[in-house]
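1. could you work out the structure for the sequence below:
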Amino acid sequence: MSGANSPFTKMLDNVFPRIPPFLSMITLQAEALSKGMSTAVDYMSEPTTARFHEIMKIETLAHELREKHLDVLNNAFSTPIDREDVLRSIITLEIPVASIRVVVEEMEALKIKSDNQLLEMAVILRESAAALQRGFSKLDTSPAQADPDAQVGLQCLTNVDRVYRKALVQLYTIDDDLNKMRTHADGAEVQAMIHVVEMLKRREIYRHLRNIAGKMGDAASVLHAIVVQIG
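-> Reported below is the predicted structural model:
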């Protein structure tokens, strides 16, 4: 008898357990992240029910991958890179996908329409996620070439933060409301209150996207650490 099920093969597997393909598994996790952020850009460009549900579906897939991969890791005899780096890769690549789901859920619940700032931040997140996907996919064959991709991810928070500050400046411009209230225009107080509520809701979404940028940076830091280790 020969092949994968032969007694000799089984004996070897017992003595020298095979290493699960963790780098390929991590790449799958990075692909889910990239797909999630790409769909988020589509949603910010034109929010539709189909795109909303697509993000929910991708987040479910990312979570299922995370649980599956963590289970494999917990039962693995050895790993191709540091076990802690495998763990951090799996977790940090899934967190932003879960977070973008929260963003679109809140936008739907609070009836917040997208704007240029939300779209611009989402585009930055998409480009960073694509870089992380490229970088993690290189670890198995050309790890030294993955660091430029990690640097794109590390720059994500800085780039999003720039848009975030610009968005807040525009959001907190209330000169028109104040002028209307000074002239006692009809309904000025009501409109000002509506504006304040809108400001609070929209700022919450801006803040969520900024936090996701920080989480993308966490994943990029893991990628950089792995490159330093095996590059």
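2. switch to C-alpha atoms for all contacts and neighbour counts from now on
-> OK.
3. element containing the most centrally placed residue in the chain?
-> A centroid search over the chain (Cα atoms, centre = their mean) returns residue 96, at 2.9 Å, as the residue closest to the centre. Here residue 96 sits within helix 83-110, counting by DSSP states H and E.
4. got the angle between the helix or strand that that helix is followed by and helix 83-110?
-> Next along the chain after helix 83-110, taking DSSP H and E as the criterion, comes helix 116-138. Here the directions of helix 116-138 and helix 83-110 differ by 160 degrees (axes from the mean of the first three to the mean of the last three Cα atoms, to 10 degrees).
5. packing partners of the helix holding residue 96?
-> helix 22-45, helix 49-74, helix 188-230 (3 or more Cα pairs under 8 Å, 6 or more residues apart in numbering; DSSP states H and E).
6. I'd like the mean pLDDT over it, please.
-> Per-region confidence: helix 83-110 scores 97 on mean pLDDT.
7. show me which positions of it end up buried.
-> 85-107 (16 or more other Cα atoms under 10 Å).
8. that older thread, looking at the helices and strands packed on helix 83-110, which is buried most?
-> helix 22-45 (a mean of 22; mean count of other Cα atoms under 10 Å).
9. that one to helix 49-74, inter-axis angle?
-> 160 degrees.
10. helix 22-45 vs helix 188-230, what angle?
-> 160 degrees.
11. give me every residue that touches residue 209.
-> 100, 103, 121, 122, 160 (Cα atoms under 8 Å, 6 or more residues apart in numbering).
12. got those as JSON lines, with distance to residue 227 columns?
-> Below are those laid out as JSON lines (distance: Cα to Cα, whole Å):
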{"residue": "100", "distance to residue 227": "27"}
{"residue": "103", "distance to residue 227": "31"}
{"residue": "121", "distance to residue 227": "27"}
{"residue": "122", "distance to residue 227": "27"}
{"residue": "160", "distance to residue 227": "25"}
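13. nearest to residue 49, of those?
-> residue 103 (14.4 Å; Cα to Cα).
14. need the helix or strand of the chain with the lowest average pLDDT.
-> helix 7-15 (a mean of 50; mean pLDDT, DSSP states H and E).
15. just the pLDDT for residue 170.
-> Reading off the model, residue 170 has pLDDT 87.
16. same deal with residue 37?
-> 98.
17. what of residue 34?
-> Residue 34 is given a pLDDT of 98.
18. in contact with it, which residues?
-> Here residue 34 is in contact with 126, 129, 130, 132, 133 (Cα under 8 Å, 6+ apart).
19. in a markdown table, list the residues you listed along with distance to residue 207.
-> As requested, these are arranged in a markdown table below (distance: Cα to Cα, whole Å):
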| residue | distance to residue 207 |
| --- | --- |
| 126 | 17 |
| 129 | 19 |
| 130 | 22 |
| 132 | 22 |
| 133 | 24 |
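20. want to throw these into a markdown table with neighbour count and distance to residue 24?
-> A markdown table is the format used below for those (neighbours: other Cα atoms under 10 Å; distance: Cα to Cα, whole Å):
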| residue | neighbour count | distance to residue 24 |
| --- | --- | --- |
| 126 | 22 | 21 |
| 129 | 33 | 17 |
| 130 | 21 | 16 |
| 132 | 32 | 14 |
| 133 | 25 | 11 |
